[in-house]
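In: no sequence on hand, only this structure:
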Ligand code: ZN
């Protein structure tokens, strides 16, 4: 499949902690994770200039798009958001990671504020699987432990997920719907909360397996539609 990883390059990633977590860059780590599964992966970097590098050609050729953003959500143009949303509704799969909950494109597809509680404290997160039959959770057991992560807690202002696969629990006592599938138009999207840029969460074998399975799950089941429309039709009634 043709995968596009849209990932920010921000100041926290260039800090000593960020460089220690991902010496190769967080986006390159995600790219490598998906290439290991045999996909063709294009990495698009978001920065001060927004997502200008996300061209029509890249969007139009993508089967599944991963999105990681944090500092520069506001820099991504509404025009690009509209183009990505259009393709998502026509069948392109999407995987939103960590602080992508606050991205324009996630909020547009879900239609709510997507706000949540948070505390950056390097806490242990245990992600409990709520549906062990789900393809995203295949072979991963009852729970996944993440040694250090940013706490994301309820209330999480999202619509009720179409499929809830994981609930995260933190040492502070908070819980969070951290692995959710939503169906929008002809497409599917998956949200996954772990992945703060200064903790090496995307190096964990269980997380890498989970995200590769999520990629396969949200992949288009049918060819992506050319357009979203309800055509005018002639009389459908059976003629005598
Ligand atoms: Zn974070």
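Out: Thanks, I have the structure now. In this text, all values refer to a predicted model and were calculated from it rather than measured experimentally.
In: is the most centrally placed residue in the chain bridged to anything, and to what?
Out: If you average the C-alpha coordinates of the chain and look for the closest C-alpha using C-alpha atoms, centre = their mean, you land on residue 96, 1.4 Å from that point. The partner list for residue 96 in beta bridges (DSSP bridges) reads residue 67, residue 191.
In: low-confidence ranges in this protein?
Out: 239-240 (pLDDT under 70).
In: how close does the closest residue to residue 37 other than its chain neighbours get to the ion?
Out: Here the nearest residue to residue 37 in space, its sequence neighbours aside, is residue 212; by C-beta to C-beta, 6 or more residues apart in numbering that works out to 4.7 Å. For every residue, glycine as well, the C-beta is placed using N, CA and C. Separation of residue 212 from the ion (C-beta to the ion, to the nearest Å) stands at 22 Å.
In: for residue 113, same thing?
Out: Distance from residue 113 to the ion, counting by C-beta to the ion: 17 Å.
In: host element of that residue?
Out: In this structure, residue 113 sits in neither a helix nor a strand according to DSSP states H and E.
In: so the residue nearest to it when sequence neighbours are not counted, which of the three states?
Out: Distances taken as C-beta to C-beta, 6+ apart place residue 157 nearest to residue 113, at 4.6 Å, with adjacent residues excluded. Of the three states, residue 157 takes coil under DSSP: H, G, I helix; E, B strand; the rest coil.
In: neighbours of residue 157, how many?
Out: By the other C-beta atoms under 10 Å criterion, the neighbourhood of residue 157 contains 13 residues.
In: test my guess that it contacts residue 114.
Out: Yes - Residue 157 lies in contact with residue 114 (C-beta atoms under 8 Å); the separation is 5.9 Å.
In: list the buried residues for the longest strand belonging to the chain?
Out: Ranked by residue count, the top strand of the chain under DSSP state E comes out as strand 117-129. In terms of neighbour count (16 or more other C-beta atoms under 10 Å), strand 117-129 has its buried residues at 118, 123, 125-127, 129.
In: which helices and strands does whichever helix or strand comes after that strand pack with?
Out: The C-terminal neighbour of strand 117-129 among helices and strands, as given by DSSP H and E, is strand 143-153. Here strand 143-153 touches strand 117-129, strand 163-170, strand 175-184, helix 205-218, going by 3 or more C-beta pairs under 8 Å, 6 or more residues apart in numbering; DSSP states H and E.
In: am I right that residue 57 sits in a helix?
Out: Yes - checked against three-state DSSP, residue 57 lies within a helix.
In: please identify the helix or strand for residue 232.
Out: Residue 232 belongs to no helix or strand when assigned by DSSP H and E.
In: quick one: contacts for the closest residue to residue 118 other than its chain neighbours?
Out: On the basis of C-beta to C-beta, 6+ apart, the spatially nearest residue to residue 118 that is not a chain neighbour turns out to be residue 152, at 5.5 Å. Applying C-beta atoms under 8 Å, 6 or more residues apart in numbering to residue 152 gives the contacts 101, 116-118, 168, 174, 176, 178, 193.
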